[in-house]
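In: Okay, sequence plus prediction incoming.
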Amino acid sequence: MQFTYEYYKTSADYIKGIIGDFQPEIGLILGSGLGGYVDRIEDPIVIPYKDIPNFLISTAPGHEGKLLFGTVDGRKVMCMAGRFHSYEGYEFEQLTIPVRVMKIIGIKMLIVTNAAGAINKSYNVGDVMIIKDHIKLTGASPMRGPNIDEFGPRFFDITNMYNKDLRKLAVACAEGSGLTIHEGNYFFFTGPQFETPAEIIAARTLGGDAAGMSTVTEALTAAHCGIPVLGLSLMTNMAAGVLDQPLSGEEVNEAAAKVAPLLEKYFTKIMQNLPKEI
Ligand code: HPA
């Protein structure tokens, strides 16, 4: 598949035809533990992914597959209920679709959250890591292929892709949240298998603090087209080999459900305090 600006514009035009003059300012791609927040969007305009031309469909368990447009905590959002991952079989280039469509729709900031395994042994299940940076040594770049100049330049800097001001804000909002918050490095793995203990040792040696299978493609796509990103990882388990026990998707979901109320409260505070512009 050769992607062109028009490819993404086809999706965006369809969406604009439905949302009319509603102009979202913030893009949200929320992972485990924030389903309740999505439900708080007031009178949302809901568009199933399957209705959007040139879009993708969610296949991951628990990922719903719809876009919601509406206001929450006084902010106008474009929210994905259900995201796309490489492990579902999508090519890295295809994983550009949601954020590039968000860009054409006109969002000014992107907030991405995910479930992750704690590589850093000082972290605990239920902690939140504000993503300071990431390490991605596997899989292709989502920007592979002919560059689309309308989005950004061929070669682009990602030194500060996880925006400093947004990170600072997320740290400040942690006070009184009841959550333990860290800033750290997200280590991307393609999955769907969890990692081997040896891979986690390697990731820790290289500077990784949390292991996950999402987020990085979305953040890179945003960085390419100049959208500031805030990334949050919820530690749903200690990464492979840290504890002497196998990992499971159920464990991830249970841990996320347990901390969901506190996480939602923390996230609400961040949303209420976001600057109008970065
Ligand atoms: N590894 C990768 N992805 C994850 C994990 C993990 O341990 N937990 C939740 N998502």
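Out: The structure has been received and is ready for your questions.

In: Residue of the stretch 101-250 of the chain nearest the ligand, please.
Out: residue 117 (2.1 Å; C-beta to the nearest ligand atom). Placement of C-beta: from N, CA and C, glycine included.

In: wouldn't that residue be in contact with residue 194 here?
Out: Yes. With contact defined as C-beta atoms under 8 Å, residue 117 counts as touching residue 194 (7.1 Å).

In: Between these two, tell me which one has more neighbours.
Out: residue 117 (27 against 21; other C-beta atoms under 10 Å).

In: Which of the helices or strands spans the more buried one?
Out: Using DSSP states H and E, residue 117 maps to strand 109-118.

In: Check residue 11 too.
Out: Using DSSP H and E, residue 11 maps to helix 5-19.

In: residues in contact with that helix?
Out: Taking contacts as C-beta atoms under 8 Å, 6 or more residues apart in numbering, the residues outside helix 5-19 that touch it are 45, 47, 51-55, 67, 69, 96-97, 100-101, 104-105, 148, 150-151.

In: and it, C-alpha only, in CSV?
Out: Extracted as CSV, the C-alpha positions of helix 5-19 are listed here (Å, rounded to 0.1, in the frame of the first residue of the first chain):
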residue,chain,number,x,y,z
TYR,A,5,-1.9,12.7,1.8
GLU,A,6,-5.2,12.1,-0.1
TYR,A,7,-5.4,8.6,1.5
TYR,A,8,-5.7,10.1,5.0
LYS,A,9,-7.8,13.1,3.8
THR,A,10,-10.4,10.6,2.6
SER,A,11,-10.9,9.4,6.2
ALA,A,12,-10.8,13.0,7.6
ASP,A,13,-13.3,14.3,5.0
TYR,A,14,-15.7,11.6,5.9
ILE,A,15,-15.3,12.4,9.6
LYS,A,16,-15.7,16.2,9.0
GLY,A,17,-18.9,15.5,7.1
ILE,A,18,-20.3,14.0,10.4
ILE,A,19,-18.9,16.3,13.0
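
In: May I see the buried residues of it?
Out: Neighbour-count burial for helix 5-19 flags 7, 8, 9, 10, 11, 12, 14, 15, 16, 19 (criterion: 16 or more other C-beta atoms under 10 Å).

In: following it, which helix or strand comes up?
Out: Sequence-wise, the next helix or strand downstream of helix 5-19 (DSSP H and E) is strand 26-29.

In: Please identify the buried residues of that next one?
Out: So, applying 16+ other C-beta under 10 Å, buried residues of strand 26-29: 26, 27, 28, 29.

In: Tell me the bridge partners for the third one.
Out: In this structure, residue 28 has the following beta-bridge partners (DSSP bridges): residue 79, residue 111.

In: residues contacting it?
Out: Listed by C-beta under 8 Å, 6+ apart, the contact set of residue 28 reads 38, 77, 78, 79, 80, 110, 111.
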